[in-house]
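Trainee: Quick check, what structure comes out for this input:
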Amino acid sequence: MPIERPIYGLAAEFASPEALIKAAQMIHAAGYRKVEGYSPYPIPEVARALGFHRTRVPLLVFIGGITGAIAAYFMMWYANVISYPWNIGGKPPNSWPAFIPISFELMVLGASLMALFGMLALNGLPMPYHPLFNLPSFELASQTRFFICIESSDPKYDRLVTWRLLAEAAPEAMMEVPW
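Mentor: Have a look, this model is predicted:
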């Protein structure tokens, strides 16, 4: 008796972006939520049809910027007021106008680092391997073909029901994606 390999999901291949959009709308209307669309170029209609929400990257960038500015201000305040206070020209040790340039620079640094690492984390990168790479025809997704994949971890996933749903979208080819 052969050992059955676990399945990542079901994939369908389409020849046109219109067919991919139609399939994405149909799959989302059926209640599937763990679905990905793949195409050689961005198709915003597919993202909308699959119900993708707005990204959290702007919030992460804001938090990174505020954290960088507060850290810089606290670092300079601590150094000038607590750790090593100097009397320079009769100015108070907590002379906040002198702290603004460095606070701004660290705010930009914190925001840019948070944008980079937040984007990588939210996209699940780096991802050197993906189960769809097992499909020989998936290489065409970067050239001329359009794919949609319903993951087996979706709560509504049932192998036969999902197979029939994908067949209704009239794809050029359908295949199971092994892990």
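Trainee: how many neighbours does L166 have?
Mentor: 21 (other CB atoms under 10 Å). C-betas here are computed from N, CA, C, even on glycine.
Trainee: who touches it in this structure?
Mentor: Under the criterion of CB atoms under 8 Å, 6 or more residues apart in numbering, the neighbours of L166 are L10, A12, A23, I27, I148, I150, M174.
Trainee: repeat for R5
Mentor: P178, W179.
Trainee: separation between it and Y73?
Mentor: 56 Å (CB to CB, to the nearest Å).
Trainee: Name the residues of the helix or strand where V61 lies that come out as buried.
Mentor: Per DSSP states H and E, V61 falls inside helix 57-77. Across helix 57-77, burial judged by 16 or more other CB atoms under 10 Å covers V57, L60, V61, G64, G65, T67, G68, A69, A72, Y73, M76, W77.
Trainee: Pull the residues that contact stretch 64-72.
Mentor: With CB under 8 Å, 6+ apart as the test, stretch 64-72 has contacts from 99, 102-115, 118.
Trainee: Before we move on, what's the pLDDT of the spatially most central residue of the chain?
Mentor: Central residue of the chain (CA atoms, centre = their mean): N123, 2.7 Å from the mean position. Reported pLDDT at N123 in the predicted model: 87.
Trainee: Could you pull up the residues touching it?
Mentor: Neighbour list for N123: empty [criterion: CB under 8 Å, 6+ apart].
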